[in-house]
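>>> Pasted the sequence and its predicted model underneath.
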2 protein chains.
Amino acid sequence: MANTNLMPSADTRKSTITDDKLFEIIELLFFAYRDFVSDPDEILTRYQFGRAHHRVLHFVSRNPGLRISELLDILKITKQSLGRVLRQLIEDGFVEQREGSTDRRQRLLFLTDAGSDLALRLAEPQLRRIAGALETAGPGNAALARDFLYSLVNDEEHAKVKAIIEK
Amino acid sequence: MANTNLMPSADTRKSTITDDKLFEIIELLFFAYRDFVSDPDEILTRYQFGRAHHRVLHFVSRNPGLRISELLDILKITKQSLGRVLRQLIEDGFVEQREGSTDRRQRLLFLTDAGSDLALRLAEPQLRRIAGALETAGPGNAALARDFLYSLVNDEEHAKVKAIIEK
DNA sequence: AAAATATGTCAATACTACTGACGTATTATT
DNA sequence: AATAATACGTCAGTAGTATTGACATATTTT
């Protein structure tokens, strides 16, 4: 399998941007994400929690009454993976489940007061980091950053993502 | 621990951007990264590899002759974690180690032809995704996206990251 | 009554990561 | 030449996240 020619050279791809510039952004996405999650990670270890717990706390915090199936679709993990994480959060008193009022099969998710507090403490360094980055990049660039990130998301997820982030 | 007041409200933080807009970007970073790594992940499973293998292939591909210690500093993982991943990549013929010419303690890392091929195949969907996002966002925004991501990186890492991405 | 939905749970497995310690080869310092 | 520092490898033990595939229950829809 010498050269399968899976990557056309820059001039055969209709793009004005060089591959070197694209590689820069690939690497910056790695570095940015690495540091972006490092602050919450540090807090989470004190609770014996990991990133999965953070994600649940975040999305339930932003969407009280979220259903299990919706959370699974957001996180793109399996029921089993979510199950253990959710059980720990409930046992430790950060998350509550309530029966759906119209559909009693549903287990709607809510944060307790302790859960809300923790979610805020986890969000705080990330909010600070992003606010700082947007100030460095200059005002008015929040929309550009948002549009760029949004375009990175799979097309078929766009509608769902839009519905989730716009509160 | 009712309200520890760890998050000042928007008006006490000197920022023109509302928290809601910042939360949008927090969530978009999650969704963008989730989908950004999904294509390579799918390829990697065929080799029984994971994301850590991808990262090694990527950074060695971009920096032939990289030292173990440099790679550890980039990935921010421990020697032990890197050790197993590297051993698998070497056993499977994707990575080679060579003694440093001036310092024989060093194990300089290089990709084999198979390793280069795999690195390219893994990079290809990510290059495409980013090129597409930058075209959607409009030309000239590559620099803005790059600056925004760069600002998200820890300040004390800026010099190192700059040196790595600018090839 | 049957089918579909929402959720929970089991066992087995694997990837990534950690801490802490110890060992070896090589180079730099005194 | 002896000592210290560096670069790397490796051991054991543990933990968090994730998977597949199967099976079970309660509830709602058809």
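Looks like it came in fine.

>>> Could I get the full set of strands for chain A?
Listed in chain order, the strands of chain A (DSSP state E) span A:95-99, A:107-111.

>>> out of those strands, which comes closest to chain B?
Distance to chain B, taken as C-beta to the nearest C-beta, is lowest for strand A:107-111 among the strands of chain A, at 13.5 Å. Where C-beta positions appear, they are placed from N, C-alpha and C, glycine not excepted.

>>> list the contacts for the nearest residue to residue A:162 once chain neighbours are set aside?
Excluding its sequence neighbours, the residue lying closest to residue A:162 (C-beta to C-beta, 6 or more residues apart in numbering or on different chains) is residue A:150, at 7.8 Å. By C-beta atoms under 8 Å, 6 or more residues apart in numbering or on different chains, residue A:150 lies in contact with A:158, A:161, A:162, B:28, B:32.

>>> ChimeraX command to pick out the buried ones of the residues you listed?
To isolate the buried ones among those in ChimeraX, judged by 16 or more other C-beta atoms under 10 Å in any protein chain shown, type:
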select /A:161 /B:28,32
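
>>> In CSV: the contacts of residue A:150, plus distance to residue B:78.
Converted to CSV, the contacts of residue A:150 look like this (distance: C-beta to C-beta, whole Å):
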residue, distance to residue B:78
A:158, 38
A:161, 34
A:162, 39
B:28, 31
B:32, 28
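
>>> Out of the contacts of residue A:150, which comes closest to DNA strand D?
DNA strand D lies nearest to residue B:32 out of the contacts of residue A:150, by C-beta to the nearest atom of the strand, at 15.5 Å.

>>> Would you mind confirming that the closest one is in contact with residue A:145?
No. In this structure, residue B:32 is not within contact of residue A:145 by C-beta atoms under 8 Å, at 10.5 Å.

>>> right, and residue A:71 touches residue A:82 too?
Yes. Taking C-beta under 8 Å as the definition, residue A:71 is a contact partner of residue A:82 at 6.5 Å.

>>> Need the residues touching each of the two.
Joint contacts of residue A:71 and residue A:82 (C-beta under 8 Å, 6+ apart) are residue A:56.

>>> roughly how far is stretch A:109-116 from the heart of the chain?
Put simply, stretch A:109-116 sits 18 Å off its chain's centre (C-alpha atoms, centre = their mean, to the nearest Å).

>>> Which residues does it contact?
Residues outside stretch A:109-116 that contact it (C-beta under 8 Å, 6+ apart): A:56-57, A:60-61, A:64-68, A:71, A:86, A:89, A:93-98, A:119, B:1-2.
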